[in-house]
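Undergrad: My questions concern the predicted model and sequence given below.
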Protein chains: 2
Amino acid sequence: MASTYTATHPEPVKEAPPPEMRAPAEKPLSGLFGLGDVVLRFLLSASALVAVILLVTSNQTKLIPIPAPPYLISRTAKFTQAPALIYFIAAISVAGFYGVISTLISLYALLRPGSFPRVLSHFVIFDVLLLGIVAAAVGAAGAIGYTGLKGNSHVQWAKICNVYDYFCRNISASISVALFGSIVLTLLILLSVYALSKRIPKQIH
Amino acid sequence: MASTYTATHPEPVKEAPPPEMRAPAEKPLSGLFGLGDVVLRFLLSASALVAVILLVTSNQTKLIPIPAPPYLISRTAKFTQAPALIYFIAAISVAGFYGVISTLISLYALLRPGSFPRVLSHFVIFDVLLLGIVAAAVGAAGAIGYTGLKGNSHVQWAKICNVYDYFCRNISASISVALFGSIVLTLLILLSVYALSKRIPKQIH
């Protein structure tokens, strides 16, 4: 099937369709969409990687004063102490792996333009599912991070960011980067939808 | 433009396009997609409404024992005491309003099949944005709800659901219903993408 589209094939077996049956300006659109797709997927992988690194390097040990001897104890804040942050790192790791794999496939599809529409319409399914997962993870980590920053006087949950400043800065940076990643995922879906809608011929619009 | 597609027009001004230039089986697909779209959008509105009602009726007042006179004080748990739940109700209210409006427009488009593809490709943009917002809200409310249920011994955040049982049940029911709503939003996007990809003629696949 794909061989009929290559430029090296001297005699196509079937007749070429008349020009108005192709999508308008198929080649340049495909190339532009493919390039945007690759760039956005690369940004997704990069932001997921940065978010994971920020999270796993966030451990902070502090000496906390207590009223009884020995008056100071060493306590470590780790992201594994919050279930929301464990879900967060799981979600962005999955997004990162998917980002790397889909960047490679998308790059391959860009270099072989004939296979692009098929790849596009399959990736958008995973993009949508991952958007839900990553957005929920950002929300969960954000809610816990905000409670750690401000506390909640109604239920006597004390703020912890006045003690573990380095830990909180890393967590909030990680959440910000993951939020950027979820915006990239949104743009990826919108790009795919736009590319799909551009491929509908004008007659049935 | 649209009048050339109605059955009552006796003589179309332009010639009808040849059959192979239309999307394959356009009429039945549009009808099925339109119906699925309307049903899913109605489910979205209904689940958002139920989630809002469960949240605003969740107030619970309890007598809490304290060590000093008068030994018992009356304390009320409200969803407005948690910033994550305020964001949650804002997000699902927006989703509910959007659900009602888009159900009506989608129903109108179903009854006038010619206008469906245009409506479809515009709605999917808002669907994607709302999926991000609603999923983040579900994540945020879920993280706070889980902390309220289990507490967090590492940072001395006490569980509150052993005291405010009715409050917690309502919150968790509301989160579950909103999670269902975000799954409905995911299905809506996938349905739109599938409908769009079905409209691409076979020649350029």
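TA: That came in fine, so what should we check first?

Undergrad: Please count neighbours and contacts with C-alpha atoms only from this point.
TA: Will do.

Undergrad: Please enumerate the helices of chain A.
TA: Under the criterion DSSP state H, chain A carries helices at the ranges A:26-56, A:83-111, A:116-150, A:165-198.

Undergrad: Using TSV, lay out these together with distance to B:Val94 and mean neighbour count.
TA: Listed next are those as TSV, based on distance: least, CA to CA, whole Å; neighbours: other CA atoms under 10 Å in any protein chain shown:
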stretch	distance to B:Val94	mean neighbour count
helix A:26-56	27	20
helix A:83-111	25	20
helix A:116-150	17	22
helix A:165-198	18	21
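
Undergrad: Identify whichever of these lies nearest to B:Val39.
TA: Go through the helices of chain A one by one with CA to CA and the one that ends up closest to B:Val39 is helix A:116-150, at 20.0 Å.

Undergrad: close to chain B, is that closest one?
TA: Yes. Taking CA under 8 Å from any CA of the partner chain as the criterion, helix A:116-150 and chain B are in contact, through A:117-118, A:121, A:124-125, A:128-129, A:131-133, A:135-144.

Undergrad: hang on, the earlier thing: kindly reformat the helices of chain A as TSV containing distance to B:Gln60 and mean pLDDT.
TA: Supplementary listing: the helices of chain A in TSV, determined by distance: least, CA to CA, whole Å; pLDDT from 0 to 100:
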stretch	distance to B:Gln60	mean pLDDT
helix A:26-56	37	85
helix A:83-111	26	92
helix A:116-150	22	88
helix A:165-198	33	91
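
Undergrad: could I get these as CSV with distance to A:Ile66?
TA: Below are these laid out as CSV (distance: least, CA to CA, whole Å):
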stretch, distance to A:Ile66
helix A:26-56, 28
helix A:83-111, 26
helix A:116-150, 20
helix A:165-198, 19
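
Undergrad: Any idea which of the ones you listed gets closest to A:Tyr71?
TA: Each of these was checked against A:Tyr71 via CA to CA, and the shortest separation belongs to helix A:165-198, namely 21.3 Å.

Undergrad: helices or strands next to the closest one in the packing?
TA: Under the contact criterion of 3 or more CA pairs under 8 Å, 6 or more residues apart in numbering or on different chains; DSSP states H and E, helix A:165-198 touches helix A:26-56, helix A:116-150, helix B:116-150, helix B:165-198.

Undergrad: of the helices of chain A, which approaches B:Leu49 most closely?
TA: Minimum separation from B:Leu49 across the helices of chain A (CA to CA) falls at helix A:116-150, 20.4 Å.

Undergrad: now the angle between helix B:165-198 and the closest one, please.
TA: In terms of direction (axes from the mean of the first three to the mean of the last three CA atoms, to 10 degrees), helix A:116-150 departs from helix B:165-198 by 160 degrees.

Undergrad: okay, the angle between helix A:116-150 and helix B:83-111?
TA: Taking the same axes, to 10 degrees, helix A:116-150 and helix B:83-111 form an angle of 150 degrees between their directions.

Undergrad: Name the nearest residue to A:Ile92, ignoring sequence neighbours.
TA: Spatial nearest neighbour of A:Ile92, excluding adjacent residues (CA to CA, 6 or more residues apart in numbering or on different chains): A:Ala48 at 5.5 Å.

Undergrad: Pretty sure that neighbour sits against A:Gly181.
TA: Yes. The pair formed by A:Ala48 and A:Gly181 meets the contact definition of CA atoms under 8 Å, at 6.7 Å.
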